[in-house]
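Chemist: for reference, the sequence and a predicted model appear below.
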Amino acid sequence: AQSVTQLDSQVPVFEEAPVELRCNYSSSVSVYLFWYVQYPNQGLQLLLKYLSGSTLVKGINGFEAEFNKSQTSFHLRKPSVHISDTAEYFCAVSDSNAGNMLTFGGGTRLMVKP
Amino acid sequence: ETGVTQSPTHLIKTRGQQVTLRCSSQSGHNTVSWYQQALGQGPQFIFQYYREEENGRGNFPPRFSGLQFPNYSSELNVNALELDDSALYLCASSLGVKDTDTQYFGPGTRLTVL
């Protein structure tokens, strides 16, 4: 069985500062990794995904993530955040045993302060 | 291209009642997955339908059931509602069930059970 741990439930940061949201996973088989963003009272929007190839993945809104197989991590980063980035961020994993069914972490609330 | 849509947006029911939630998949997608997101938590996989057949199921009791129609739209039915069923129910569609087929989410239906 696979699992996803998002180590920080909340991350406060000032506008224009860099941010890293941490995600670790466990799985016994090859995995595919995703970051989704959820704005208040909305569904989930795909930010970026790692399927194969380069371990550094670039997504929308200036976000990027790096897949680290040895550390079983997929941390999300942005060099300079905006107030509009305030939202809940979810890391998710699927693996070759589960098709494309997703297992999600508990989420990290990014709070950008002026 | 139309995205994933869900109806209704909000719903209030009382304990013991039955509810039906609806989802229209994105154009060209033949797979629909349903997730339950309790307040303050990450989404949890309920089940997935592929070409009108159930393709996988999470750890939810049989009173959670589903249906997929020839046009690939889908319903989630919950019988004998319990207070803990209060949550945001998310529908996601994908091109197929391969582990590389990305899921795209709808805005969700917020169910409140009193």
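Modeler: Here it is on my side, so go on. Source: prediction; values computed, not measured.

Chemist: quick one: end-to-end distance for stretch A:80-97.
Modeler: Here the two ends of stretch A:80-97 are set 37 Å apart, with distance taken as Cα to Cα, to the nearest Å.

Chemist: report the buried residues of it.
Modeler: The neighbour-count check on stretch A:80-97 (16 or more other Cβ atoms under 10 Å in any protein chain shown) flags A:81, A:85-95 as buried. (Each C-beta comes from the backbone N, C-alpha and C, glycine too.)

Chemist: pull the distance from whichever helix or strand A:Glu88 is part of to the chain's centre.
Modeler: Using DSSP states H and E, A:Glu88 sits within strand A:87-95. On the basis of Cα atoms, centre = their mean, to the nearest Å, the separation between the geometric centre of strand A:87-95 and that of its chain is 5 Å.

Chemist: other residues contacting it?
Modeler: A:2, A:4, A:6, A:21, A:23, A:25, A:27, A:29-40, A:44, A:47, A:74, A:76, A:100-105, A:107-110, B:42-43, B:99 (Cβ atoms under 8 Å, 6 or more residues apart in numbering or on different chains).

Chemist: weed out the non-buried ones from the residues you listed.
Modeler: When the contacts of strand A:87-95 are checked for burial by 16+ other Cβ under 10 Å, the buried set is A:2, A:4, A:6, A:21, A:23, A:25, A:27, A:31-38, A:44, A:47, A:74, A:76, A:100-105, A:107-110, B:42-43, B:99.

Chemist: out of those residues, which are inside strands?
Modeler: Using DSSP state E, the members of the buried ones among the contacts of strand A:87-95 that fall in strands are A:4, A:21, A:25, A:31-38, A:44, A:47, A:74, A:76, A:103-104, A:108-110.

Chemist: so what's the residue count around B:Phe60?
Modeler: Using other Cβ atoms under 10 Å in any protein chain shown as the criterion, B:Phe60 is surrounded by 16 other residues.

Chemist: pretty sure it is in a strand, no?
Modeler: No. Counting by DSSP: H, G, I helix; E, B strand; the rest coil, B:Phe60 falls outside a strand, being coil.

Chemist: mind listing what it touches?
Modeler: Residues in contact with B:Phe60 (Cβ under 8 Å, 6+ apart) are B:36, B:46-47.

Chemist: ok, so of the residues you listed, who is nearest chain A?
Modeler: Ranked by distance to chain A (Cβ to the nearest Cβ), the contacts of B:Phe60 are led by B:Phe47 at 9.0 Å.

Chemist: for that closest one, helix, strand, or coil?
Modeler: Following three-state DSSP, we place B:Phe47 in the strand state.

Chemist: that one: what's it in contact with?
Modeler: B:Phe47 touches B:33-34, B:54-58, B:60, B:64, B:66, counting by Cβ under 8 Å, 6+ apart.

Chemist: now it, nearest residue through space, not along the chain?
Modeler: B:Arg57 (4.4 Å; Cβ to Cβ, 6 or more residues apart in numbering or on different chains).

Chemist: is it true that the one you found touches B:Gln44?
Modeler: No. Between B:Arg57 and B:Gln44 no contact is recorded; they are 11.7 Å apart, counting by Cβ atoms under 8 Å.

Chemist: output the set of residues of chain A in proximity to chain B.
Modeler: Contact residues (Cβ under 8 Å from any Cβ of the partner chain) of chain A with chain B: A:4, A:6, A:32, A:34, A:36, A:42-46, A:49, A:51, A:90, A:92, A:94-96, A:98-107.
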